[in-house]
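Undergrad: Generate a structure from the sequence data that follows.
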Amino acid sequence: MRADWLELKVPPLALTVAAAIVVVVVSFLHEGATAIDQVTARLAGGVIALVGLSLALRGVIDFRRARTTVDPRHPERSARVVTDGIYRWTRNPMYLGFVLLLLGLAIALQNTFGLLVTALSASFLQRFQIAPEERWLGKQFGAEYDTYRARVRRWI
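TA: Numbers count the residues shown, from 1 in each chain. Presented below is the predicted three-dimensional model:
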């Protein structure tokens, strides 16, 4: 059975919220060993999570300013290739932000299972969201998107 049916079907925000809930629930159900001071972990995790949230929000703001869709399930509705703002440094600030948010949460809760959830979420986004989006954008915008893709990294 091919897994292509999952492409562009799961909203990335919903995936991130579900993954965050899993991390929090596992943290409450299983209190693991603390590798570092709790205050240090919460501070470091909180900073990483805030950076992630900021990146994701900046990506949405830049898309809104460019008057293009922020609905990741429909890349064919994209009005243009956004190459300014945060998109000068990463092609996927929203997804990068979601992953950093999960990473920060896992660190703040000192939840090693949360690191696995973060890695699985990033892998899911890469396979079932980013790859199909890039195919669509390449078809839709051709050389303009190819030039942008060659200049700016996918994640960071």
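
Undergrad: ok, Tyr87 - contacts?
TA: Shown in contact with Tyr87 (C-beta atoms under 8 Å, 6 or more residues apart in numbering): 59, 62, 93, 152. (C-beta placed from N, C-alpha, C; glycine too.)

Undergrad: Spatially central residue in this structure, please.
TA: Central residue of the chain (C-alpha atoms, centre = their mean): Tyr95, 1.8 Å from the mean position.

Undergrad: Following the chain onward from the helix or strand encompassing that one, which element is next?
TA: Tyr95 is located in helix 93-108, with elements delineated by DSSP states H and E. Note on helix 93-108: by DSSP H and E, the next helix or strand toward the C-terminus is helix 112-125.

Undergrad: What residues sit buried inside the following helix or strand past that following helix?
TA: As assigned by DSSP H and E, the chain's next helix or strand after helix 112-125 is helix 131-141. Neighbour-count burial for helix 131-141, counted by 16 or more other C-beta atoms under 10 Å, picks out 132-134, 136-137, 140-141.

Undergrad: Between those, which sits nearest Ile156?
TA: Relative to Ile156, the closest of the buried residues of helix 131-141 is Glu134; by C-beta to C-beta it sits at 16.3 Å.

Undergrad: for Ala79, what are its contacts?
TA: Contact analysis of Ala79 by C-beta under 8 Å, 6+ apart lists 66-69.

Undergrad: closest to Val10 among those residues?
TA: Val10 has its nearest neighbour among those in Thr69, at 16.9 Å by C-beta to C-beta.

Undergrad: Quick check: phi and psi at the nearest residue to the closest one once chain neighbours are set aside.
TA: Spatial nearest neighbour of Thr69, excluding adjacent residues (C-beta to C-beta, 6 or more residues apart in numbering): Arg77 at 4.3 Å. Per-residue torsions, Arg77: phi -90, psi 0 (degrees, to the nearest 10).
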